[in-house]
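1. I would like to see how this sequence folds:
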Amino acid sequence: MERCVKVDGKVRTDPNYPAGFMDVIELEKSNDRFRLMYDVKGRYVLHRLDREEAQFKLCRINKVFIGPNKVPCAVTHDGRTLRYPDPDVKVNDTVKVSIETGKMSDILSFDLGAMLMITKGHNCGRVGTLMHIEKHEGSFAIVTVKDSKGNTFATRLGNVFIIGSGQKPSVTLPKGRGIKKTILEERAEAEAAGRL
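-> This is a model prediction of the structure:
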C-alpha cells in the first residue's frame, strides 16, 4: 500500500472509494492533479489542473438550516456540513471551498445570467447561461439555459450547478467547453481529422 492517491486532500486507499463531480484527485508521486468533471456526453472525465486550481473545489448548497445550539449550517452536494456559513448563502448557490481547511470563501449566487453546468439528465455536461426559472408548485421547477452557441434547452432546477458569474467560469472546463455538437457536426469534424 503506497498511499499515492489523494481525493480532496485526503489519502484514500479503498479502490472502490466513491469520488464524484468536482472532486480533486492528486497523485503526488507523478505530480498530477485532476478534477472530476463531465464531458458533453455526460461521462466523467479527468480534467488536468495546475497546483493553484487544485487548492479549491466548488460545492453546491443543497440545504441551509439552524443546527443544535442555534448554529447555522449549510450542507453541500458532496456531503460536507459547513458551520457558520456566510448569511447570504442560499440553497442552489455554489460556494468555493478550500480543500486544505474546508472553509468557504466566495459565493457564486444562483441568479439569472450565471454560468452553470448541468450535472444530471439528458443534457449532463453542457455549460450555459441561466436565462429563466419556472416554478411549479408541487412539481419540479424548470430552468431554461442558453449555451454560448445560442442553443437553448431546459432542465430541472436540481440538475444545475453554478460554476461562475457572467461569462467567466471559476474552474477551467474540460475539452469541448460544454458545447454539445449535433451528430452532423461531430461527423464533419471526424472526417476532417481523418478518423472516418
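2. CA only for contacts and neighbour counts going forward, please
-> OK.
3. does V75 touch V64 like I think?
-> Yes: using Cα atoms under 8 Å, V75 and V64 qualify as a contacting pair, with a distance of 6.4 Å.
4. so I25 sits right up against N31, yeah?
-> No: under the contact definition of Cα under 8 Å, I25 does not touch N31, with a separation of 11.0 Å.
5. compare these two (neighbour count), which wins?
-> The neighbour comparison of I25 against N31 (other Cα atoms under 10 Å) goes to I25, with 25 against 9.
6. contacting residues for the more buried one?
-> By Cα atoms under 8 Å, 6 or more residues apart in numbering, I25 lies in contact with V5, K6, V7, D8, G9, R33, F34, R35, L36.
7. how about a cut-off of 6 Å?
-> Taking Cα atoms under 6 Å, 6 or more residues apart in numbering as the criterion, I25 is in contact with K6, V7, R33, F34.
8. what does F21 give?
-> With Cα under 6 Å, 6+ apart, F21 has these contacts: L36, M37.
9. so it versus V127, what's the distance?
-> As judged by Cα to Cα, to the nearest Å, F21 and V127 stand 14 Å apart.
10. identify the residues contacting M104.
-> With contacts defined as Cα under 6 Å, 6+ apart, M104 is in contact with K96, V97.
11. bridging residues for it?
-> Beta bridges link M104 to V97 when assigned by DSSP bridges.
12. likewise for the one 4 residues further on?
-> According to DSSP bridges, the partner residues bridging L108 are T94.
13. and I142, by the same measure?
-> The partner residues for I142, given DSSP bridges, come to E134, R156.
14. my read: it touches E134, true?
-> Yes: using Cα atoms under 6 Å, I142 makes contact with E134 at a distance of 5.1 Å.
15. these two: which is more packed in?
-> I142 (17 against 12).
16. state the distance from A192 to T182.
-> 16 Å.
17. so which residues of the protein form helices?
-> All helices of the chain, identified by DSSP state H, fall at 183-192.
18. among the helices and strands of it, which has the poorest mean pLDDT?
-> The weakest-scoring helix or strand in the chain, judged by mean pLDDT, DSSP states H and E, is strand 168-169 (a mean of 85).
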